[in-house]
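[1] All I have is the shape, not the residue letters:
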Ligand SMILES: Cn1cc(CCO)c2c3c(c(-c4ccccc4Cl)cc21)C(=O)NC3=O
């Protein structure tokens, strides 16, 4: 086999972003185009194993879910020296899990407007994934990545028109759904369970008749956690309490938002709103209940 490494040929490794059972992810600069990418290196799965199926599902999903501003973009994937390598869009703002952790430490919380923006972005990403007849199956703060873009704003206050424009930097935040390793088809589901903290009971009971609503359930708990309702239980009475539809009221936020979250984690998947319903919900409309 060739002993040059495409990875080292094409990329300059900058820093380790994270490790896990999924492998290791590095922030890399592409030597030719000068852009940064997130590159995941994982041990090449044994041919015919579940891991190989998951690895292939991830690449197939990325290939089908081409370009959407709320889904992490895929560029390339290849195998070398017994490793599987996937090159994705690098999101420079960390994961939502990092943000929640930091806020908990600093006793800070998302404002209602920031929570609505988060919910809207991820619901947009889910609407796209579900429209392609796919489901994500591992929606959680650790799989939602953040891109922050500073945009230079030129504003000119004509009153103080001393001929100079004022410069204001605006920060645009975009949330993107990442880690497509559990993505499966709505129609012939080979469900690989996601993180149990965000898993609805019907999936544990292997009822795969409303898979899109499992993503909605996980999104509901993700927003609930971002609103300070976490940390979420992995099992036990508290886990079941949430699955019975008992979410504690997030008193910092409006009744409407609390009602929407309760509906998203409803025990009956058919009662949960679709991604389209969420996007059209009055709570998210621009002048929704100020
Ligand atoms: C741990 N970790 C940290 C980051 C940077 C967040 O600011 C990250 C990224 C990804 C991934 C990732 C997840 C699952 C599969 C493949 C990749 Cl590259 C993991 C990441 C990814 O696809 N894009 C990322 O930015």
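    Arrived safely, thanks for sending. This structure is a prediction, so every number in the text was calculated from the model and none was measured. Numbers count the residues shown, from 1 in each chain.
[2] which parts of this protein sit against the ligand?
    Residues of the chain lying close to the ligand by C-beta under 6 Å from any ligand atom are 17-18, 22, 25, 38, 40, 72, 86, 88-95, 145, 178-179. (C-beta placed from N, C-alpha, C; glycine too.)
[3] Buried only: go through those for me.
    By neighbour count, with 16 or more other C-beta atoms under 10 Å, the residues of the chain next to the ligand hold 17-18, 25, 38, 40, 72, 86, 88-91, 93, 95, 145, 178-179 as buried.
[4] from the residues you listed, which two are the most distant?
    Greatest spatial distance among those (C-beta to C-beta): 86 and 93, at 20.2 Å.
[5] picking that back up, what's the closest of the buried ones among the residues of the chain next to the ligand to residue 209?
    Closest approach to residue 209 among those (C-beta to C-beta): residue 179, at 24.6 Å.
[6] In strands only, show me the buried ones among the residues of the chain next to the ligand.
    If you go by DSSP state E, these have 17-18, 25, 38, 40, 86, 88-89, 145 in strands.
[7] Any chance of CSV for those, columns pLDDT and distance to residue 188?
    As requested, these are exported to CSV (pLDDT from 0 to 100; distance: C-beta to C-beta, whole Å):
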residue, pLDDT, distance to residue 188
17, 96, 33
18, 94, 32
25, 97, 30
38, 98, 30
40, 96, 26
86, 96, 24
88, 96, 26
89, 97, 28
145, 98, 29
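[8] just for this protein, where's the confidence low?
    1-2, 156-165, 286-290 (pLDDT under 70).
[9] give me the element residue 252 is part of.
    Assigned by DSSP states H and E, residue 252 falls within no helix or strand.
[10] all strands for the stretch 1-150 of the chain, in order.
    Ranges of strands in the stretch 1-150 of the chain, per DSSP state E, counting those that start in this stretch, are 11-20, 23-30, 36-43, 74-80, 83-89, 134-135, 144-155.
[11] which other residues reach the longest one?
    Contacts of strand 144-155 from elsewhere in the structure, counted by C-beta atoms under 8 Å, 6 or more residues apart in numbering, are 72, 91-97, 99, 118, 122, 165-178, 222.
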